[in-house]
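# here is a sequence together with a model predicted from it:
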Amino acid sequence: MDRALSEFEFELRCCRWAERAWPPTESASGNHAIVARQLGTKRRRWDTIVLECDPEALRERAKFGRERLDSDLLHLVRNAPDDWTYYRDCLPEPGYPWRYVREAIHRADDRGILETRKRGNRVQIRRKWPYPDWLNRIVAIENKPDLNASAARALGSQLEYDVAVSLADEVWVATRATGDSVEPALFEDLPVEAGILTLEPDTLAAEVAWYPRTLAVDEPGTRILERPDGGERDGSAARFEYVEPASKAEKRLAIAERAYERGWRSFVETMRPDCRHFELRARDGTQLQPHCAAKEGCQTAAACSSRCADFEPEPPGWRTRGWPIEGGPGKRCQQLLADRRRRRRPGI
Ligand code: SF4
């Protein structure tokens with residue numbers, strides 16, 4: 001493939017490869033991989049995330065539904081007792097007002113993931129199922145199809161941040177295979193802890209050019225807040241803060257829950273599938289990628305918005321059967337992608 005490839009297209013190919021082939025090492029890990037994109041924390045968003053999950057526990061997780069559990073709901077389902085108990089007697093001090101816990105109890109009840117009853121004016125709760133320990137590892141991948149020196153510099157500081165915080169178990173850079181005997185990415189100034197993967201986006205053949213180190217997710221991390229610019233006269237110190245293991249564990253689970261809900265095919269949710277030019281094309285017979293008939297290529301989410309000069313709504317005639325309940329082709333595109341996401345979630 002010698003045409004220029006956008007980072008977005010490369011990212012979708014990388015997600016597809018990870019879904020089919022993770023892990024890239026020969027050892028079969030026995031984990032089930034869930035792939036998501038564009039997730040992370042307030043300060044750092046990763047391009048691709050691979051969750052390595054315990055297959056049995058993942059089935060158990062499915063009982064809680066395909067939507068994510070936010071931190072308030074996790075607080076409930078992880079601490080709810082086997083027997084009916086007044087909620088303030090069984091839940092740990094939440095660190096925020098109890099009325100928010102009551103609201104979360106009602107939400108959990110509405111979703112059918114917690115049993116509740118009233119005794120007098122006291123709300124009692126009881127768990128329906130234990131919340132399983134389904135997440136084994138989080139792997140973060142940055143996608144840079146053309147890893148030249150300036151892209152590597154920008155990426156280098158982001159990866160240093162990831163290594164210092166150690167929120168993910170591994171960090172990788174995925175770049176496009178060049179066919180050179182030594183991949184140029186190896187000469188770039190990237191942290192040694194980060195793995196390098198070369199991916200041929202057409203064939204989805206991938207090779208490990210550099211193996212990553214496993215990061216210490218159970219130990220305190222260091223969050224780099226500010227670093228000196230590095231000039232000759234710059235004697236200032238970097239500013240950083242520690243991140244406690246408990247806070248990291250909570251963040252990891254919150255990220256995993258979001259990844260579980262979203263997957264990587266959710267790109268369509270930030271695009272305009274209701275535009276008459278929007279299409280899904282199957283690249284390798286299975287992977288559906290967005291395609292814009294007006295722009296004659298794979299459009300990015302930023303381009304595919306109502307600000308797009310070529311945007312034209314689907315003609316009502318396309319929606320005759322089932323419209324407006326089922327919608328036109330755009331709705332069917334969304335449905336198709338949602339179905340594929342669901343298939344990757346055992347037990348759903
Ligand atoms: S014309 Fe614009 S809005 Fe329509 S599919 Fe193409 S990029 Fe998206």
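That came in fine, so what should we check first?
# contact partners for the residue of the stretch 1-150 of the chain found nearest the ligand?
Evaluated by CB to the nearest ligand atom, the stretch 1-150 of the chain has Phe8 as its residue closest to the ligand, separated by 12.0 Å. For the C-beta atoms, the positions are set from N, CA and C on the backbone; glycine is no exception. Taking CB atoms under 8 Å, 6 or more residues apart in numbering, we find Phe8 in contact with 298, 300-301.
# just the buried residues of these.
If you count burial by 16 or more other CB atoms under 10 Å, the buried members of these come out as 298, 300.
# from the contacts of Phe8, pick the one nearest the ligand.
Thr300 (8.4 Å).
# for the contacts of Phe8, which one is nearest Pro329?
Among the contacts of Phe8, Cys298 lies closest to Pro329 (CB to CB), at 17.7 Å.
# so the closest one sits right up against Gln287, yeah?
No: counting by CB atoms under 8 Å, Cys298 stays clear of Gln287, with 11.4 Å between them.
# and the pLDDT at the residue of the stretch 1-150 of the chain closest to the ligand?
In this model, Phe8 is scored at 91, pLDDT.
# mind listing what's buried in stretch 162-181?
162-177.
# ok, those residues vs Ala259, which is closest?
Of those, the one sitting nearest to Ala259 (CB to CB) turns out to be Ala168, at 11.5 Å.
# isn't the closest one up against Thr48?
No: contact between Ala168 and Thr48 fails when scored by CB under 8 Å: they sit 11.1 Å apart.
# list residues touching both of those two?
Ala140.
# which residues sit against the helix or strand of the chain with the lowest mean pLDDT?
In the chain, the helix or strand scored least confidently by mean pLDDT, DSSP states H and E is helix 329-343, which has a mean of 78. Helix 329-343 is contacted by residues 66, 263, 265-266, 268-269, 272-275, 278-280, 288, 314, 318, 326, 348 when judged by CB under 8 Å, 6+ apart.
# now stretch 15-35
Contacts of stretch 15-35 (CB under 8 Å, 6+ apart): 37, 48-55, 58, 136-137, 139, 141, 197, 199, 204, 206-208, 211, 259-260, 263-264, 284, 287, 344-346.
# which of the residues you listed count as buried?
Buried among the contacts of stretch 15-35 (16+ other CB under 10 Å): 37, 48-54, 58, 136-137, 139, 141, 197, 199, 204, 206, 259-260, 263-264, 287, 344-345.
# what subset of these is also close to the ligand?
Residues of those in contact with the ligand (CB under 6 Å from any ligand atom): none.
# now, which of these lie within strands?
Among the buried ones among the contacts of stretch 15-35, the members falling in strands (DSSP state E) are 37, 48-53, 136-137, 139, 141, 197, 199, 206.
# looking at those residues, which two lie furthest apart in space?
Asn136 and Leu199 (23.4 Å).
# around the ligand, pick out the residues from the stretch 201-348 of the chain.
272, 275, 277-278, 292, 294-295, 299, 303-304, 308, 310-311.
# among those residues, which are located in strands?
Short answer: those in strands (DSSP E) are 278, 292.
# please pick the buried ones from the residues of the stretch 201-348 of the chain next to the ligand.
Buried among those by 16+ other CB under 10 Å: 272, 275, 277-278, 292, 299, 303-304, 308, 311.
# okay, the residues you listed in CSV with pLDDT next?
As requested, those are exported to CSV (pLDDT from 0 to 100):
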residue, pLDDT
Arg272, 92
Cys275, 92
His277, 93
Phe278, 92
Cys292, 94
Gln299, 92
Ala303, 92
Cys304, 94
Cys308, 95
Phe311, 95
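# all set, thanks.
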